[in-house]
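> sequence first, then the predicted structure:
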Amino acid sequence: MKRNLALICSFLVVITCFSILSCGKDKPEAQKATTDTASLPKTKIGIDGAKMVLIPAGQFQMGSEDGEDDERPIHQVDLDAFYIDANEVTVGQYRKFVSATGHTAPNWNQVSQSARTDNHPIIGITWDDAMAYAIWASKRLPTEAEWEYAARGGVPDRKYPWGNRENPSMATYGVAVPTPIGSHQPNSYGLYDLAGNAYEWCLDEYEKNYYQSSPKRNPLCGRNMQEFNETFRTDRKKLKGLRVLRGGSWTSSAELIRVTSRSRFEPTAALHDFGFRCAESVKPLDQVNWNANR
């Protein structure tokens with residue numbers, strides 16, 4: 001009996017020590033993951049004067065089984081932390097960019113017909129225009145996965161940035177004109193106008209069936225991040241193919257402002273409701289594992 005008791009006690013000691021060692025092994029990794037962004041400011045101001053919000057690293061279920069074919073299948077995505085503009089780029093911010101760089105200006109008269117103040121989102125912008133602005137501001141365009149992750153506000157299964165029910169008081173859509181940025185409540189991450197107001201360009205090329213083969217970590221359809229930036233700077237004509245837009249606009253139906261809804265257009269298209277917001281990697285671009293599919 002005593003021998004059996006001693007064996008049981010020894011077994012329990014071994015199990016306890018193993019548990020302690022295992023926890024000790026895992027704990028520093030968990031702390032390291034937390035520390036990676038713990039020292040970073042939750043918000044900051046970009047060189048273009050735009051407020052940016054830190055979006056923590058994490059995973060989510062991207063896509064929807066209830067939407068269009070290109071939103072299927074639902075698949076898990078893991079993302080590194082990143083910053084994203086709290087608001088869409090405004091008319092006033094874009095004016096400063098044009099003035100500073102000599103970039104071809106949009107037709108300001110046409111812009112002002114809908115975006116009537118400097119605090120409205122800039123519209124009539126091509127993907128090329130948005131890329132040029134982002135590079136000038138030492139930022140980039142968000143990937144499609146980053147955009148959807150940010151729009152969900154850290155809450156799974158959301159149909160809209162605010163929840164699952166249509167609510168015209170929470171976004172500008174199905175109306176005659178856009179509204180100034182920040183006219184509605186932000187989502188859980190403190191981001192505004194991710195539904196409606198202006199369509200937002202993403203970095204990715206568009207592929208209808210991309211979700212069927214999308215990489216799990218930091219997916220980016222097309223070239224990797226460095227190639228996108230380098231090729232854009234040297235010979236943007238090589239960047240062919242449709243580009244992704246997200247979020248719908250003030251002219252859209254409720255169906256098009258869902259967080260999973262995907263739109264696409266030629267990168268040279270400058271429709272009257274096309275705008276954008278910028279993002280920024282926490283890590284240097286050459287240290288991020290971009291899983292690009294060509």
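It's in.

> every contact and neighbour count from this point should use C-alpha atoms.
Noted.

> state the pLDDT value of residue 227.
Residue 227 carries a pLDDT value of 64.

> next one: the one 10 residues further on
Each residue has a pLDDT score; the one for residue 237 is 62.

> check residue 38 too.
On pLDDT, residue 38 comes in at 86.

> can you give me the distance of it to residue 54?
Distance of residue 38 to residue 54, given as Cα to Cα, to the nearest Å: 10 Å.

> more neighbours, the two?
residue 54 (24 against 12; other Cα atoms under 10 Å).

> hang on, the more buried one in a helix?
No: the assignment for residue 54 (DSSP: H, G, I helix; E, B strand; the rest coil) gives strand, which keeps it out of a helix.

> now do the contacts for residue 201.
With contact taken as Cα atoms under 8 Å, 6 or more residues apart in numbering, residue 201 is in contact with 127, 130, 141, 243, 244, 245, 246, 274, 275, 276, 277.

> need phi/psi at the first one.
What it means is residue 127. phi -60, psi -40 (degrees, to the nearest 10).

> confidence score at the nearest residue to residue 67 once chain neighbours are set aside?
The shortest distance from residue 67 to any non-neighbouring residue, by Cα to Cα, 6 or more residues apart in numbering, is to residue 261 (7.2 Å). The per-residue pLDDT reported for residue 261 equals 98.

> what's the answer for residue 5, then?
Reported pLDDT for residue 5: 40.

> same question for residue 222.
86.

> same question for residue 68.
Residue 68 is given a pLDDT of 97.

> burial count for residue 208?
13.

> looks to me like it is in a strand.
No: read with three-state DSSP, residue 208 is coil and lies in no strand.

> I figured it hits residue 70, correct?
Yes: with contact defined as Cα atoms under 8 Å, residue 208 reaches residue 70; the gap is 4.9 Å.

> could you pull out the strands for the stretch 151-294 of the chain?
Applying DSSP state E, counting those that start in this stretch to the stretch 151-294 of the chain gives strands spanning 199-205, 219-221, 243-246, 262-265, 274-275, 279-281, 291-293.

> which residues are in contact with each of residue 38 and residue 54?
Common neighbours of residue 38 and residue 54 (criterion: Cα under 8 Å, 6+ apart): none identified.

> for the residue most central in space within the chain, helix, strand, or coil?
In the chain, the centroid-proximal residue (Cα atoms, centre = their mean) is residue 147; its distance is 2.2 Å. State at residue 147, reduced to three classes by three-state DSSP: helix.

> contacts only, for it.
202, 246.

> and the pLDDT for it?
Residue 147 carries a pLDDT value of 98.

> tell me how far it lies from residue 141.
Applying Cα to Cα to residue 147 and residue 141 gives a distance of 9 Å.

> please apply the same query to residue 212.
Applying Cα to Cα to residue 212 and residue 141 gives a distance of 23 Å.

> neighbour count winner among the two?
The neighbour comparison of residue 212 against residue 141 (other Cα under 10 Å) goes to residue 141, with 26 against 13.

> distance of the more buried one relative to residue 132?
In terms of Cα to Cα, residue 141 sits 10 Å off from residue 132.

> likewise residue 140?
Residue 140 sits 9 Å away from residue 132, going by Cα to Cα.

> higher neighbour count, those two?
residue 140 (24 against 21).

> report the separation between the more buried one and residue 216.
21 Å.

> for the stretch 1-150 of the chain, just list every one of the strands.
Under DSSP E, counting those that start in this stretch, the stretch 1-150 of the chain gives strands at 43-45, 51-55, 58-62, 75-79, 82-85.

> now these as TSV including mean pLDDT and distance to residue 255?
Putting those into TSV (pLDDT from 0 to 100; distance: least, Cα to Cα, whole Å) gives the following:
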stretch	mean pLDDT	distance to residue 255
strand 43-45	98	31
strand 51-55	98	26
strand 58-62	97	17
strand 75-79	97	21
strand 82-85	98	24
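
> most tightly packed of these?
strand 82-85 (a mean of 24; mean count of other Cα atoms under 10 Å).
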